[in-house]
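A.B. asks: need coordinates for the following:
(chains A and B)
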Amino acid sequence: MIGHPFIADLGQKEFETDFAIRFIPPEYRPHIWVKVLPALENIFYGANLSNILSAHKYVVLDVLAWIPYGLLHFGGPFFWAGLMFIFGPPGTVPVFARTFGYLNIIGVAIQLIFPCSPPWYENLYGLAPANYSMQGSPAGLARIDQLLGFDMYTTNFTASPLVFGAFPSLHSGNAVLEALFMSHVFPKLRPLVFCYAMWMWWATMYLSHHYAVDLVAGAFLAAISFYIAKTNFLPRIQTDKKFRWEYDYVERGDESSKGYGYGLTVLGNEDFRHDSSDEWTIGSSSSISSGSRSPIDESQSWEGETLASQHSDTELSEIVVR
Amino acid sequence: MPACLTQLWLVGLRLLETCNYSTTATGHPGSACLSSVSLKKAPSSTTPNLIAAIRLIRLSHHHLPLPLYPASSPPLLSHSVTTKYHLHVQPIAYQDLLHLHQSSLQRGSSAAERPSSRRTAGRGDRSSTTMLEPKYYASSSPTFTKAKIPFSWPSIPNPIPRRYRRRLRSKFRSAQSPASSIASIETSFNPSDTIRALRSHRWSYYDGQYIILIILAIFSLSISQAPGPLIKTGAATLLILALLVPVTRQFFLPVLPIFTWLLFFFNARYVAHVLILAEE
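C.D. replies: Predicted coordinates for the structure are as follows:
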């Protein structure tokens, strides 16, 4: 009973009674990769960064690593979302929430399909093959439990639902996503929020929870998610606005990707030339480019005063290559 | 009025010819004029210079600023047609119309030129109008009522002195956009508002995300062993209820991917089990 794989992993009493008999050898779960991440680490960085950073342990560093990894990781998203809700354009936080959710769903899916062992596994078992009966470990967070005197992480991390979910690191992915969204809404805070992300990176490696490769992969996923959100869904910042209540309209996505300008949707996209020619300036004394449909008073001629005045028209049409 | 995910614009407009106006509004191709009929019915066809509140629900995918026109200028309609605004006309209730009419008669025609259309336009805030003419609307008015919260807040004394609160509030108010309620928060508790919003929703491929989320959530729930089926069903029911009530929907709808991720993550341990069952 005890020695059977899966049981300890599942960690449920009823499981042992109901399903233990029906167990099928664990060939049907993906192979757990133990050596891939340390090898990648060596290839990319020439050393095991996680091991180097966690080689020397001090209480001060423990606390410094615990703050982002064990506290801010859970509280941070709410704090950032609150800031973005008040100061960002309306609609920013829903986009943030969706991006956050999908990023994590994809991350968990990768962790399930491609299970990898975290650095603490290497510290405990070396490079021995892993199996699904193995329990998780709080690694460096056990020292925090000792320090605080109560069980905050040990039980939870030991009964972790995804023991071999080292790659990609969602701690890194979330922190980087938060940093990207925050620096989108608050460009001035960019150094601060990226310091936060780097702090998280250091903490995950110091606490032996992730290899540097995982962190980079998580950040990469976050960057892709943010890019998709920003080009398609994220409301644009209007720099003259301070609070969300000052916005009376929002435009979503990147400026260049959409053909809409103020009031120009009426004309349809086909009315404009999409090549590099600047012949369109010729029409700028008429109603076309101003976007207004009001009748033009012919007596009020601006000819000779604008960029597209008569003599410059001829010059332009000579230059334009069609 | 449907208060839905789309942004609502509350604009006051003085109608010179109500009948004329409402026929134009119904002629607008994209409009869902809820109440052009009731506007026609209003006795305003005989009395010019009446005020109507108009809500413009903009298409959610291109948000353009709608300029506020002074009460005398007509181009609001043509503008709304050209920029494809959805036009919803909120009728002023019959007794309100009467009140308006009477008060404008009382104050004479010169004063009637100035009734609070400008003010309504400027703020979308009915209290300012009420302050101007205290007996402007009947207290039982079906149109000009505040959104009611079905419970009362406990009266905790506010430590911030009233004058600072007032100063802060006025600062906020003056910064607020006069024409838009885009930043406002949904306060409706009525599930039929959600149904109405769903009916007028323009479906796109992006809505396919909910199918993926539903599949993933149901998969995670069904492989989960930890809570019993009753709790799982109860939680799912609560979630659906939260999605039906507009107040909670504005939070729970965008957060759905996060909930799905949490379900997926905490039930990842049972995935092995599913594979085993599939093998049998």
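A.B. asks: low-confidence bits of chain B, can you list those?
C.D. replies: Low-confidence regions of chain B, defined here as pLDDT under 70, cover residues B:1-152, B:178, B:272-280.
A.B. asks: which parts of it belong to which domain?
C.D. replies: In the assignment given by automatic domain parsing, the structural domains of chain B cover B:8-147+B:168-175, B:205-279.
A.B. asks: same deal with chain A?
C.D. replies: According to automatic domain parsing, the domains of chain A span A:1-29, A:31-232, A:263-322.
A.B. asks: looking at the second one now, give me its mean pLDDT.
C.D. replies: Here domain A:31-232 scores 90 as its mean pLDDT.
A.B. asks: residues near A:H171, how many?
C.D. replies: Other residues near A:H171 come to 22 when the count uses other CB atoms under 10 Å in any protein chain shown. To be clear about C-beta, it is placed using only N, CA and C from the backbone, and glycine gets the same treatment.
A.B. asks: which secondary structure elements does the helix or strand where it lies contact?
C.D. replies: Secondary structure from DSSP states H and E places A:H171 in helix A:170-185. Contacts defined by 3 or more CB pairs under 8 Å, 6 or more residues apart in numbering or on different chains; DSSP states H and E place helix A:170-185 against helix A:73-87, helix A:92-113, helix A:190-206, helix A:212-232.
A.B. asks: helix A:212-232 and that helix, what's the angle between them?
C.D. replies: Angle of helix A:170-185 versus helix A:212-232, following axes from the mean of the first three to the mean of the last three CA atoms, to 10 degrees, is 30 degrees.
A.B. asks: what are the buried residues along helix A:170-185?
C.D. replies: By neighbour count with 16 or more other CB atoms under 10 Å in any protein chain shown, helix A:170-185 contains the buried residues A:170-185.
A.B. asks: repeat that for stretch B:247-266.
C.D. replies: Judged by neighbour count (16+ other CB under 10 Å), stretch B:247-266 contains these buried residues: B:247-250, B:252-258, B:260-266.
A.B. asks: just the ones of the residues you listed in helices?
C.D. replies: B:247-250, B:252-258, B:260-266 (DSSP state H).
A.B. asks: please list which of these also come close to chain A.
C.D. replies: On the criterion CB under 8 Å from any CB of the partner chain, B:253-258, B:260-261, B:264-266 are the entries of those that sit beside chain A.
A.B. asks: looking at those, which is nearest A:A130?
C.D. replies: B:F265 (19.7 Å; CB to CB).
A.B. asks: how near is the closest one to B:L221?
C.D. replies: In this view, B:F265 and B:L221 are 13 Å apart by CB to CB, to the nearest Å.
A.B. asks: also A:F243?
C.D. replies: A:F243 sits 40 Å away from B:L221 when distances are taken as CB to CB.
A.B. asks: from the chain's centroid, how far away is stretch A:138-149?
C.D. replies: The offset between the C-alpha centroid of stretch A:138-149 and the centroid of the whole chain comes to 28 Å, using CA atoms, centre = their mean, to the nearest Å.
A.B. asks: what about the residue in the stretch 201-322 of chain A that chain B sits nearest to, neighbour count?
C.D. replies: Across the stretch 201-322 of chain A, the shortest distance to chain B (CB to the nearest CB) belongs to A:D248, at 3.4 Å. The tally of other residues near A:D248 (other CB under 10 Å) stands at 21.
A.B. asks: which SS state does it fall under?
C.D. replies: coil (DSSP: H, G, I helix; E, B strand; the rest coil).
A.B. asks: from memory it sits against B:I182, does it?
C.D. replies: Yes. The pair formed by A:D248 and B:I182 meets the contact definition of CB atoms under 8 Å, at 6.2 Å.
A.B. asks: which parts of the stretch 101-250 of chain B are strands?
C.D. replies: In chain order, the stretch 101-250 of chain B shows no strands, with DSSP state E, counting those that start in this stretch as the criterion.
A.B. asks: which residues of it lie near chain A?
C.D. replies: For the stretch 101-250 of chain B, the residues in contact with chain A under the definition CB under 8 Å from any CB are B:172, B:175-180, B:182-183, B:216, B:225-226.
A.B. asks: so who does the closest residue to A:M200 other than its chain neighbours touch?
C.D. replies: In space, A:M200 comes closest to A:A175 once its chain neighbours are excluded; the distance is 4.0 Å by CB to CB, 6 or more residues apart in numbering or on different chains. For A:A175, the contacting residues are A:68, A:73, A:76, A:196-197, A:200-201, by CB atoms under 8 Å, 6 or more residues apart in numbering or on different chains.
A.B. asks: reformat the residues you listed as a markdown table; add neighbour count and distance to B:G208.
C.D. replies: A markdown table is the format used below for those (neighbours: other CB atoms under 10 Å in any protein chain shown; distance: CB to CB, whole Å):
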| residue | neighbour count | distance to B:G208 |
| --- | --- | --- |
| A:P68 | 22 | 36 |
| A:H73 | 18 | 31 |
| A:G76 | 18 | 30 |
| A:Y196 | 20 | 34 |
| A:A197 | 23 | 32 |
| A:M200 | 28 | 33 |
| A:W201 | 25 | 35 |
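A.B. asks: for chain A, what's the nearest residue on chain B?
C.D. replies: Nearest residue of chain B to chain A: B:P257, at 2.4 Å (CB to the nearest CB).
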